[in-house]
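[1] got a structure for you, letters missing:
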């Protein structure tokens, strides 16, 4: 029987990249320590700051919210209803249920009610890939919710697998502008709130395990709009490498941060200097009208 | 044993006893991409599953807008 590395009791999960296994209590401790280390090392959240957690009803965002609350952070959630049928209904229900269980505040935004479109119909009308319209809406509306609500920082549930997969995609295309922005912390400046990713030291499998062991209900089903997208393909490719060589994903991502990231940041910084307020909503943008306001016009015409 | 799989949801009968890693190999699943849940807890790769056990093999990969 596999034993817990920390207490030597019976283990419930093995993590091959750490060459370690943990019992339930020690695994939960491990997850909190990894988040604590990320927040400390990358200076993500200062004492007393108000945090807005972007919550989707999935394992990563609910686990992140749970860990931040347990660590004593002043953390509210924000949920964006995307109008993707049963998937959105269920993810909303799970986000609401978690907030109620913890007595935590959940800010709720509905694309259809508040902006007159949903992702399936709006992305088609605007001739955008659904994941692109979804990502754009999330980035814009989470920033807006943070600024409007007086939060210091937006925390998202991007984990090590997410970051490694995005990095993989950006390197395949040598998307140097995106590489310059792929950091665990984006500073709050030019009208943007600070954005942080406290789960970068934890893998996707660890986040699902965290929710199971903490008894957190999350939406297990994949978003129907994401089926077959490139990001999932990159994750599968990286997991095939990871199975043969545990630790490859962490080495790839943290090696990039340590040894390559700084080469690409000047381009990203230069882009931010050219920002001015959107003539429609006032959000920072490089054009006259921001990409989200353009999407709303196209999606509702 | 009864094995519940997701996305799409379906149930298989697999003869036991069998170790978790052997079950995943039989199902041609990557250990990095799934958790094996028995009752309300998880089981490690070397755990022995009995013929009358019920387990869920849950995918952990998610990804849409980032």
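    Good, I have the coordinates. Quick caveat, the model's predicted, so the values are computed rather than measured.
[2] max-length helix in chain A?
    What stands out as the longest helix in chain A, according to DSSP state H, is helix A:130-149.
[3] same for it, what does it pack against?
    Applying 3 or more C-beta pairs under 8 Å, 6 or more residues apart in numbering or on different chains; DSSP states H and E, one finds that helix A:130-149 makes contact with strand A:50-55, strand A:74-81, strand A:106-110, helix A:119-125, strand A:153-155, helix A:291-300. Every C-beta, even on glycine, is put in place using the N, C-alpha and C of the backbone.
[4] could you give the angle of the longest one to helix A:130-149?
    Using axes from the mean of the first three to the mean of the last three C-alpha atoms, to 10 degrees, the inter-axis angle of helix A:291-300 relative to helix A:130-149 is 120 degrees.
[5] And helix A:291-300, what's buried?
    Within helix A:291-300, the residues scored as buried using 16 or more other C-beta atoms under 10 Å in any protein chain shown are A:291-296, A:298-299.
[6] can you redo the residues you listed as CSV with pLDDT and distance to residue A:7?
    As requested, the buried residues of helix A:291-300 are exported to CSV (pLDDT from 0 to 100; distance: C-beta to C-beta, whole Å):
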residue, pLDDT, distance to residue A:7
A:291, 94, 50
A:292, 96, 49
A:293, 96, 54
A:294, 95, 55
A:295, 95, 51
A:296, 95, 53
A:298, 94, 56
A:299, 93, 53
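[7] and those as JSON lines, adding distance to residue A:242?
    Output for the buried residues of helix A:291-300, formatted as JSON lines (distance: C-beta to C-beta, whole Å):
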{"residue": "A:291", "distance to residue A:242": "34"}
{"residue": "A:292", "distance to residue A:242": "35"}
{"residue": "A:293", "distance to residue A:242": "40"}
{"residue": "A:294", "distance to residue A:242": "39"}
{"residue": "A:295", "distance to residue A:242": "35"}
{"residue": "A:296", "distance to residue A:242": "40"}
{"residue": "A:298", "distance to residue A:242": "39"}
{"residue": "A:299", "distance to residue A:242": "38"}
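[8] what about the closest residue to residue A:6 other than its chain neighbours, helix or strand, and which?
    Nearest residue to residue A:6 in three dimensions, chain neighbours excluded: residue A:26, at 4.1 Å (C-beta to C-beta, 6 or more residues apart in numbering or on different chains). Using DSSP states H and E, residue A:26 sits in helix A:24-41.
[9] doesn't residue A:61 make contact with residue B:62?
    No - look at residue B:62 against residue A:61 with C-beta atoms under 8 Å: they stay out of range, at 10.4 Å.
[10] can you list the residues that contact stretch A:29-41?
    Applying C-beta atoms under 8 Å, 6 or more residues apart in numbering or on different chains, the contact partners of stretch A:29-41 are A:6, A:22, A:44-45, A:63-64, A:67-68, A:70-71, A:184, A:196-202, A:206, A:210.
[11] Any buried residues in it, and which?
    Judged by neighbour count using 16+ other C-beta under 10 Å, the buried positions of stretch A:29-41 are A:30-32, A:34-35, A:38-39.
[12] Determine which residue lies closest to the centroid of chain B.
    Using C-alpha atoms, centre = their mean, the residue of chain B that lies closest to the mean C-alpha position is residue B:57, 2.7 Å off.
[13] which bits of chain B sit near chain A?
    Contact residues, chain B versus chain A (C-beta under 8 Å from any C-beta of the partner chain): B:6-7, B:30-35, B:37, B:40-47, B:58-66.
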